[in-house]
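> Give me the fold of what follows.
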Amino acid sequence: MAETAKDAALAVCSCGKVELEATGEPIMSVVCYCGSCQEGSRQMEALPDGRRTCGPDGGTPYVAYRKDRVAYPMGSELLRDLRLAEESPTRRVVAGCCNSPMFLDFEKGHWLSVYRSALRGAPPPAEMRVQTKSKPTGVELPEDIPSHRGYPLRFVAKLLRARAAMLFGG
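Down below sits the predicted model:
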């Protein structure tokens, strides 16, 4: 395993051949319930040795980092894209060596959503749930963190602040 910076988060595949290192504070930590995340999780789980990213409540936990703060100390050549549709700007990325889900990349965006299940150590706790309008029928969500039917202003504001920081050297 490569040496990790003190302020970095490390995501590692199941077999240890792929590492992703994100430095600095994450943009946010969320759980997404959209239909695409649920379908993407089903597809990744169906891969040989596939690992589930979606919880039993239908939510997929992510920690979002700025793309300019992400590096691949090991195994970047093993990363493999999965898309729900060929033209989709969203790609789910797995480690091809062991089919471990690593991150989701909305290619038009400035952030990577690293699957919480890939992160080592103690990832930050979830701050909010988004897209809960798509949660499975009958699922009751706890009231421990805010839950939003769509993307709340706070979510969008955090992404915009991160983009501004990237543009202005912050």
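> State the mean pLDDT of the top helix by length along the chain.
Taking DSSP state H as the criterion, the chain has its longest helix at helix 153-167. Helix 153-167 carries an average pLDDT of 96.
> Which positions within it qualify as buried?
Phe155, Lys158, Leu159, Ala162 (16 or more other CB atoms under 10 Å). (C-beta placed from N, C-alpha, C; glycine too.)
> wait, doesn't the last one sit right on Trp111?
Just to be clear, that refers to Ala162. Yes. Contact status for Ala162 versus Trp111: in contact at 6.4 Å, counting by CB atoms under 8 Å.
> shared neighbours, the two?
Ile27, Ala64, Arg66 (CB atoms under 8 Å, 6 or more residues apart in numbering).
> Which residue ranges of the protein form helices?
Remark: helices assigned in the chain by DSSP H are 35-46, 153-167.
> mind checking which of the ones you listed is nearest Glu143?
helix 153-167 (16.8 Å; CB to CB).
> Contacts for that closest one next, please.
27-28, 30, 64, 66, 68, 109-111, 128, 130, 148, 170.
> Okay, and which of the residues you listed map to strands?
Met28, Val30, Ala64, Arg66, Trp111, Met128, Val130 (DSSP state E).
> would you put the C-alpha positions of stretch 44-56 in CSV?
Provided in CSV are the C-alpha atoms of stretch 44-56 (Å, rounded to 0.1, in the frame of the first residue of the first chain):
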residue,chain,number,x,y,z
MET,A,44,-22.2,-3.7,-9.7
GLU,A,45,-23.4,-6.3,-7.3
ALA,A,46,-24.2,-8.6,-10.3
LEU,A,47,-20.5,-8.6,-11.4
PRO,A,48,-18.4,-11.6,-10.4
ASP,A,49,-17.4,-10.9,-6.7
GLY,A,50,-19.4,-7.7,-7.0
ARG,A,51,-19.9,-5.7,-3.8
ARG,A,52,-23.0,-3.9,-2.8
THR,A,53,-22.9,-0.1,-2.5
CYS,A,54,-26.6,0.4,-1.9
GLY,A,55,-27.9,-0.2,1.6
PRO,A,56,-31.1,-2.2,2.4
